[in-house]
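>>> below: sequence and its predicted model.
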Amino acid sequence: MYDINCSLIILYSNSKVLLQKRTFDAPVLAGFWAFFGGGIEEGETPLEALYRETYEELEYRLKSPQFLLEQEFELEGKRGYMHVYIEKINLLKVKLICHEGEKFGWFGIEDIEVLKMLEHDKKILYKIFEVISY
């Protein structure tokens, strides 16, 4: 049994991924760079949670998210399970508005090691860069 179930979206464009910097007063992972997404509410599928969270956090309506992977993780003594999806976006046609976190930014593979992130999130990013570099 998992304490946390979440669904994550990774938006990418021009070989860069979008991440959010969590605020310094966030209850979890304050000041860390992280993915967009969140918990799966009762009665929701991971994909339904993904659509809801992406709109709540970025005012972006997903077009065709592609399933990438599922991964177990541990955070502050709790075990969790995440469902990760990716979607390519056209930055010329999309306006993103960040409603959660301090700010967001676009990062390439060369940025991963210097970002303040959880190691299991960095592993996901390496996998994503394998997929989007083709």
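Arrived safely.
>>> what's the nearest residue to the residue most central in space within the chain if we skip its chain neighbours?
Among the residues of the chain, the smallest C-alpha distance to the mean C-alpha position (CA atoms, centre = their mean) belongs to residue 35, namely 2.5 Å. Counting by CB to CB, 6 or more residues apart in numbering, residue 35 lies nearest to residue 8, which is 4.4 Å off, once chain neighbours are set aside. Yep, even glycine has a C-beta here, placed from its N, CA and C like the rest.
>>> what does residue 87 give?
Nearest-residue entry for residue 87: residue 65, 4.6 Å, with adjacent residues in sequence omitted and distances by CB to CB, 6+ apart.
>>> report how many residues lie close to the residue nearest to residue 35.
24 (other CB atoms under 10 Å).
>>> one more: residue 55?
Neighbour count of residue 55, defined by other CB under 10 Å: 13.
>>> now it. Nearest residue, chain neighbours left out?
Nearest non-adjacent residue to residue 55, counting by CB to CB, 6+ apart: residue 61, 6.1 Å away.
>>> tell me who's in contact with the one you found.
Taking CB atoms under 8 Å, 6 or more residues apart in numbering, we find residue 61 in contact with 51, 54-55.
>>> in which helix or strand would I find residue 74?
Element membership of residue 74, judged by DSSP states H and E, is strand 66-75.
>>> the helix or strand following that strand pairs with which strands, parallel or anti?
Where DSSP H and E defines the elements, the next helix or strand beyond strand 66-75 is strand 78-88. Applying DSSP bridges, strand 78-88 is found paired with strand 4-13 (parallel), strand 66-75 (antiparallel).
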